[in-house]
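K.L.:
Predicted structure and sequence below. I'll ask about it afterward.
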Amino acid sequence: MTSLYPLKFRPIPQERIWGGHRLKSWFGVTGEAAPIGEYWVLSAHPNATSVVVNGDFAGRTLTDIVQAYPEAYLGRSPQPRFPLLIKFLEAREDLSVQVHPDDAYAQQHEGDFGKTEAWYVLETADDGKVVFGHRFADKDSYRKAVAEGRVKEYLRYEPVQPGQVVFVPARTMHALLAGTVVIEVQQTSDVTYRVYDWDRKGPDGKGRELHIDKAADVLAYGAEQTQSAIVQPTVLDDGEGVRRERLVTCPYFTMEKLMLNAGKQSLTSVKPDAPDILIMVKGAGVLRWEGGELSVERGDTVLIPTSIRTYHVDVPEQAEVLRVTY
């Protein structure tokens with residue numbers, strides 16, 4: 001019988017008009033001149049599915065592994081497939097202003113799930129900020145601004161700094177802006193409605209497709225979209241070896257930040273019925289569990305099965321890790 005173990009995956013680079021080149025060295029992308037905007041590091045979405053790179057399961061997809069061992073690698077999931085999609089995003093230019101639907105709308109109109117997401121900010125421009133929310137009173141005022149070419153006047157901006165977390169519920173208008181690098185944790189979904197693209201033109205002289213009608217349907221208006229973008233962390237534990245901070249808790253996922261001091265730090269999985277996901281933000285080391293070990297470095301994302309409740313991360317110097325579950 002195959003022993004179940006933590007899985008590491010091959011990043012999937014996604015070319016984007018707004019992407020850049022800095023993160024290519026993180027993820028081993030060579031010989032590619034096109035700008036890369038996204039690196040999908042954990043995905044079971046049919047548009048791009050992660051492939052295991054370590055151990056006996058090397059070469060198999062996350063979808064295959066989840067189907068073969070659902071109790072260990074899927075557990076109690078809000079979707080029948082692996083429910084989270086994790087990415088690194090590099091915005092060399094402004095992203096389009098967009099909105100994602102909630103589950104009900106996406107399932108009715110797109111045959112997919114909605115998208116609530118969170119960004120862990122790694123880098124920003126000197127005057128770092130993101131688009132978060134809008135000032136449209138209702139659907140009619142939104143449509144009027146679109147018709148008059150005045151959408152930009154209604155955008156709300158939020159300053160951001162490295163180390164902060166931005167929580168973006170479905171139906172929230174948003175955009176990453178130039179100079180921003182983030183780790184994004186989101187529902188498994190690839191549904192995006194583009195509202196405004198800064199009057200940008202492609203090589204053919206035309207702008208990218210906008211989704212005005214669907215965006216009008218799903219946007220939150222008025223008091224529904226007045227929440228603050230920035231999440232205030234809550235300290236869960238501040239022991240000698242590990243500092244744990246809760247960053248996000250929502251119906252779709254939870255996110256913690258772990259600050260690991262040098263040495264062998266012991267961790268217990270967050271939930272018995274859902275796998276842990278570790279994302280190496282800073283530093284490198286060795287993940288150890290009974291029966292095996294795995295080298296991890298900046299940018300690596302590891303899926304730990306539910307059968308491993310206790311594991312250790314051995315780091316030579318302080319490291320920063322995001323831990324995600326659902």
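P.N.:
Happy to help now that I have it.

K.L.:
Could you use CA atoms for every contact and neighbour count after this?
P.N.:
Fine.

K.L.:
Where does the residue nearest to residue 37 when sequence neighbours are not counted fall, secondary structure wise?
P.N.:
Nearest residue to residue 37 in three dimensions, chain neighbours excluded: residue 19, at 3.6 Å (CA to CA, 6 or more residues apart in numbering). Here residue 19 sits within strand 12-20, counting by DSSP states H and E.

K.L.:
name the helices or strands packed onto that strand?
P.N.:
Applying 3 or more CA pairs under 8 Å, 6 or more residues apart in numbering; DSSP states H and E, we find strand 12-20 packed against strand 36-42, strand 84-91.

K.L.:
Tabulate the ones you listed (a markdown table), appending mean neighbour count, mean pLDDT and distance to residue 209.
P.N.:
Shown next, in a markdown table, are the helices and strands packed on strand 12-20 (neighbours: other CA atoms under 10 Å; pLDDT from 0 to 100; distance: least, CA to CA, whole Å):
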| stretch | mean neighbour count | mean pLDDT | distance to residue 209 |
| --- | --- | --- | --- |
| strand 36-42 | 25 | 98 | 18 |
| strand 84-91 | 25 | 98 | 19 |
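
K.L.:
got those as TSV, with distance to residue 66 columns?
P.N.:
Formatted as TSV, those follow (distance: least, CA to CA, whole Å):
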stretch	distance to residue 66
strand 36-42	13
strand 84-91	13
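
K.L.:
Spell out the residue ranges of the strands in the stretch 201-326 of the chain.
P.N.:
With DSSP state E, counting those that start in this stretch as the criterion, the stretch 201-326 of the chain has strands at 230-231, 234-238, 242-249, 254-260, 263-268, 276-282, 285-289, 292-296, 301-304, 310-315, 319-325.

K.L.:
Show me what the first one is packed up against.
P.N.:
In other words, strand 230-231. The contact analysis (3+ CA pairs under 8 Å, 6+ apart) places strand 230-231 against strand 165-168.

K.L.:
now for the strand it packs on, which elements pack on it?
P.N.:
Here strand 165-168 touches strand 117-123, strand 230-231, going by 3+ CA pairs under 8 Å, 6+ apart.

K.L.:
partners of that strand, with directions?
P.N.:
Applying DSSP bridges, strand 165-168 is found paired with strand 117-123 (antiparallel), strand 230-231 (antiparallel).

K.L.:
Can you give the contact residues for the shortest one?
P.N.:
Contacts made with strand 230-231 from outside it, assessed by CA atoms under 8 Å, 6 or more residues apart in numbering, are listed as 160, 164-167, 247-248.

K.L.:
about what we covered before: and the contacts of the strand holding residue 19?
P.N.:
The contact list for strand 12-20, computed with CA under 8 Å, 6+ apart, reads 29, 34-41, 48, 50, 89-95.

K.L.:
what residues are up against residue 179?
P.N.:
Listed by CA under 8 Å, 6+ apart, the contact set of residue 179 reads 90-93, 123-125, 128.

K.L.:
Please repeat the previous calculation with a cut-off of 7 Å.
P.N.:
91-93, 124-125 (CA atoms under 7 Å, 6 or more residues apart in numbering).

K.L.:
Domain boundaries for the chain, per the record?
P.N.:
Annotated domains of the chain cover 7-231, 234-325 [automatic domain parsing].

K.L.:
For this structure, name the helix or strand with the lowest mean pLDDT.
P.N.:
Ranked by mean pLDDT, DSSP states H and E, the weakest helix or strand in the chain is strand 230-231, scoring a mean of 92.

K.L.:
Just the terminal-to-terminal distance for stretch 185-197.
P.N.:
End-to-end distance of stretch 185-197: 23 Å, with CA to CA, to the nearest Å as the criterion.

K.L.:
Check stretch 291-299 too.
P.N.:
Terminal-residue distance, stretch 291-299 (CA to CA): 24 Å.

K.L.:
Please apply the same query to stretch 23-37.
P.N.:
One end of stretch 23-37 sits 9 Å from the other (CA to CA).

K.L.:
how many other residues sit next to residue 236?
P.N.:
By the criterion of other CA atoms under 10 Å, residue 236 has 12 neighbours.

K.L.:
OK, contacts around it?
P.N.:
Counting by CA under 7 Å, 6+ apart, residue 236 makes contact with 244-246.

K.L.:
same check, this time on residue 171
P.N.:
Residues in contact with residue 171, defined by CA under 7 Å, 6+ apart, are 99-102, 218-220.
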